[in-house]
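Q: Build the 3D model from these lines:
(one chain, ligands or ions: 2)
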Amino acid sequence: MQNILVTGGCGFIGTNFIRYVLAETDFDGRLVNVDKLTYAGNPENLADIVQTYYPQRYAFIQADICDRQAMAGIFANFEIDTVCHFAAESHVDRSIVAPDAFIKTNIEGTFNLLQIARQHLDRLVLFHHISTDEVYGSLGADGYFTETTPYRPNSPYSASKAASDHLVRAYSRTYGLPVTISNCSNNYGPYQFPEKLIPLIILNALEGQSLPVYGQGLNIRDWLYVRDHCRAVWAIMQKGTRGETYNVGGRCEMANLETVRLICDMLDEMVPGSHPGPRRDLITFVKDRPGHDLRYAIDFSKLQKELNWCPAESFETGIQKTIQWYIANREWVDRVRSGEYMSWVEQQYGNG
Ligand code: NAD
Ligand code: TYD
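A: Ligands and ions are numbered 1, 2, ... in the order given. Here you go, the predicted structure:
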């Protein structure tokens with residue numbers, strides 16, 4: 001692997017992945033980050049990476065993965081030999097309200113990349129596809145998702161990710177593309193857009209705003225600190241068996257209400273005095289999400305056995321780091337929320 005195309009590198013996990021690979025691994029090639037810069041993509045996340053690594057080790061191109069010509073040009077010009085595909089529309093609630101972009105980016109965009117990768121089979125080392133445990137649907141009180149659990153997606157988001165997983169698998173079987181797929185549970189950590197549960201709750205709790213909990217807060221998610229996900233993806237890219245899927249999880253199941261209460265209690269301890277009374281008082285039960293999956297839980301024994309991967313962070317340590325990051329980066333939060341960073345983008349990169 002010398003020239004890795006990272007799609008969606010200005011989003012939450014992509015940003016963390018780029019930072020991890022360049023700063024913490026022995027990779028000595030170049031990462032080419034292609035991102036459309038939707039509301040969720042922020043190149044400011046990587047401003048210091050540009051300073052340190054551009055142009056030998058890092059390049060950024062603003063482009064849409066659905067744009068065949070642009071993608072073909074990038075593959076050719078940068079002699080791409082590896083793809084790590086993060087780019088997606090990623091928020092379930094948005095997919096319920098406006099599914100079109102999910103079908104376009106997640107399905108057509110992945111198809112487009114696969115078609116171009118196919119034309120470069122001679123030098124393609126790997127196409128790694130990042131996916132979610134949500135493709136498996138919802139669990140009852142018991143059991144875990146394994147790599148052989150049947151797909152039963154319940155939201156437009158998870159259905160679009162399931163479709164993209166199937167395309168990647170099909171291109172491996174039909175055209176011999178060297179692929180790996182990872183299906184990961186819910187991530188949290190620095191740079192997550194504050195529409196997802198954990199950053200939303202941290203920021204609202206800091207600001208004394210109400211903390212919306214869907215339904216009764218009994219839905220369970222399996223939380224993984226984002227750097228651990230990045231470690232897993234990198235391990236799979238290095239040593240994973242081509243054609244295989246790997247589940248990635250945190251062994252950290254919590255009901256949403258428990259998660260929200262824990263964040264409230266930690267903030268009461270870490271930032272005392274900024275709010276009158278316990279922050280738990282801010283919890284507000286709101287209308288449930290339609291088709292809300294009850295429980296996700298991952299069996300990651302395949303990844304553990306084959307690649308010796310295990311989460312390094314517990315929820316207590318990971319959430320503490322996350323809270324500290326959001327407290328220390330209020331300017332980032334303000335800019336991301338206001339959309340102001342688009343003017344920063346225009347300043348840095350022009351209008352396209
Ligand atoms: P994100 O929404 O924070 O970032 C997505 C990035 O993709 C953004 O930078 C956006 O600008 C870019 N993008 C969107 N459409 C594009 C297009 N058409 N062309 C080019 N770039 C485009 O998402 P995330 O949370 O970082 O998730 C990254 C990947 O990981 C996704 O594939 C998601 O399905 C998967 N995943 C996420 C989680 C999670 O908890 N966040 C868990 C498991 C899997
Ligand atoms: P989210 O972060 O949107 O991730 P996903 O839907 O992909 O699991 O939501 C995590 C859980 O938190 C999910 O069960 C929905 C719930 N939730 C709330 O209760 N309130 C909120 O404001 C949000 C955004 C999510």
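Q: which parts of the stretch 151-300 of the chain sit against ligand 1?
A: Counting by C-beta under 6 Å from any ligand atom, the residues of the stretch 151-300 of the chain lying close to ligand 1 are 161, 184, 186-187, 193. For the C-beta atoms, the positions are set from N, CA and C on the backbone; glycine is no exception.
Q: what's the offset of the host helix or strand of residue 229 from the middle of its chain?
A: Counting by DSSP states H and E, the element that carries residue 229 is helix 226-239. Taking the mean C-alpha point of helix 226-239 and that of its whole chain, the gap between them comes to 12 Å (C-alpha atoms, centre = their mean, to the nearest Å).
Q: With stretch 59-67 instead?
A: In terms of C-alpha atoms, centre = their mean, the centre of stretch 59-67 is found 17 Å from the chain centre.
Q: So for that stretch, what gets flagged as buried?
A: The neighbour-count check on stretch 59-67 (16 or more other C-beta atoms under 10 Å) flags 59-66 as buried.
Q: Make CSV out of the residues you listed and add secondary structure.
A: Output for these, formatted as CSV (DSSP: H, G, I helix; E, B strand; the rest coil):
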residue, secondary structure
59, strand
60, strand
61, strand
62, strand
63, coil
64, coil
65, coil
66, coil
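Q: how much space between residue 268 and residue 276?
A: 11 Å (C-beta to C-beta, to the nearest Å).
Q: Check residue 96 too.
A: 35 Å.
Q: which of those two has more neighbours?
A: Between residue 96 and residue 276, counting by other C-beta atoms under 10 Å, residue 96 is the more crowded of the two (16 against 7).
Q: what are the phi and psi values for that one?
A: phi -80, psi -40 (degrees, to the nearest 10).
Q: Do I have it right that it meets residue 288?
A: No - Residue 96 sits out of contact with residue 288 when judged by C-beta atoms under 8 Å, with a separation of 11.6 Å.
Q: The helix holding residue 229 close to ligand 2?
A: No - contact of helix 226-239 with ligand 2 (C-beta under 6 Å from any ligand atom) is absent, the minimum separation being 12.8 Å.
Q: by contact count, what packs against that helix?
A: In this structure, helix 226-239 packs against helix 12-24, strand 82-85, strand 126-132, strand 179-184, strand 187-188, strand 244-248, helix 301-307, with contacts taken as 3 or more C-beta pairs under 8 Å, 6 or more residues apart in numbering; DSSP states H and E.
Q: can I assume residue 62 is in contact with residue 35?
A: Yes - taking contact to mean C-beta under 8 Å, the distance of 6.5 Å between residue 62 and residue 35 places them in contact.
Q: Quick check: neighbours shared by the two?
A: Each of residue 43 lies in contact with both residue 62 and residue 35 under the rule C-beta atoms under 8 Å, 6 or more residues apart in numbering.
Q: count of neighbours near residue 169?
A: Residue 169 sits with 17 neighbouring residues when counted by other C-beta under 10 Å.
Q: Just list the residues touching it, thanks.
A: Here residue 169 is in contact with 179, 181, 245 (criterion: C-beta under 8 Å, 6+ apart).
Q: need these in CSV with neighbour count and pLDDT, can you?
A: Putting the contacts of residue 169 into CSV (neighbours: other C-beta atoms under 10 Å; pLDDT from 0 to 100) gives the following:
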residue, neighbour count, pLDDT
179, 26, 98
181, 25, 99
245, 21, 98
